[in-house]
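**Q** sequence first, then the predicted structure:
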Amino acid sequence: MPNETEYENGTENLRLIGNKVDYIITHVAPTEIASRLGKIPVEEEKELNDYLTRVSTDNDYSEWFFGHYHLDRDLGQFHSVFRIIRVLP
């Protein structure tokens, strides 16, 4: 799990590029997205899920991909990936 310095580093690096990226690829999803999939973040991951929630609201991106939940499901610009291979432009 990331420590506070790593969270700050991620936030700062996004700030340095104007908080705009094409894609975000993470292992877990922001808290709200995990909930929409019926997943309750385990206590050890809650801080990371909450950090990713801040990333999702503070940055501009076209799509977000994550794989932790072993599901293939699209939720708008959020994509839970497992078996389907996706090709990004």
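**A** That came through, no problem.

**Q** tell me the mean pLDDT for stretch 61-72?
**A** Mean per-residue pLDDT for stretch 61-72: 97.

**Q** contact partners of it?
**A** Stretch 61-72 has contacts (C-beta atoms under 8 Å, 6 or more residues apart in numbering) with 20-30, 33-34, 37, 39, 56, 77-84, 86. Placement of C-beta: from N, CA and C, glycine included.

**Q** change it to 7 Å
**A** 21-29, 37, 39, 56, 77-84 (C-beta atoms under 7 Å, 6 or more residues apart in numbering).

**Q** which strands and helices sit next to the longest helix along the chain?
**A** Identified as the longest helix of the chain according to DSSP state H is helix 43-58. Here helix 43-58 touches helix 31-36, going by 3 or more C-beta pairs under 7 Å, 6 or more residues apart in numbering; DSSP states H and E.

**Q** who does the helix it packs on touch, helix- and strand-wise?
**A** helix 43-58.

**Q** coming back round to it: are any of the contacts of stretch 61-72 buried, and which?
**A** 21, 24, 26, 28-29, 37, 39, 56, 78-81 (16 or more other C-beta atoms under 10 Å).

**Q** what's the most distant pair in those residues?
**A** 21 and 39 (24.2 Å; C-beta to C-beta).

**Q** in contact with the most centrally placed residue in the chain, which residues?
**A** The centroid of the chain falls nearest to residue 29 when counting by C-alpha atoms, centre = their mean (4.2 Å). By C-beta under 7 Å, 6+ apart, the contact set of residue 29 is 52, 66, 78.

**Q** one more time with 8 Å, if that's ok
**A** 37, 39, 49, 52, 64, 66, 68-69, 78, 80.

**Q** closest to residue 14 among those?
**A** residue 52 (11.9 Å).

**Q** the closest one contacts residue 26, doesn't it?
**A** Yes - assessed by C-beta atoms under 8 Å, residue 52 is found in contact with residue 26 at 6.1 Å.

**Q** could you look up the SS state of the nearest residue to residue 39 once chain neighbours are set aside?
**A** Of all residues not flanking residue 39 in the chain, residue 69 sits nearest, at 5.6 Å (C-beta to C-beta, 6 or more residues apart in numbering). Under DSSP: H, G, I helix; E, B strand; the rest coil, the three-state class of residue 69 is coil.
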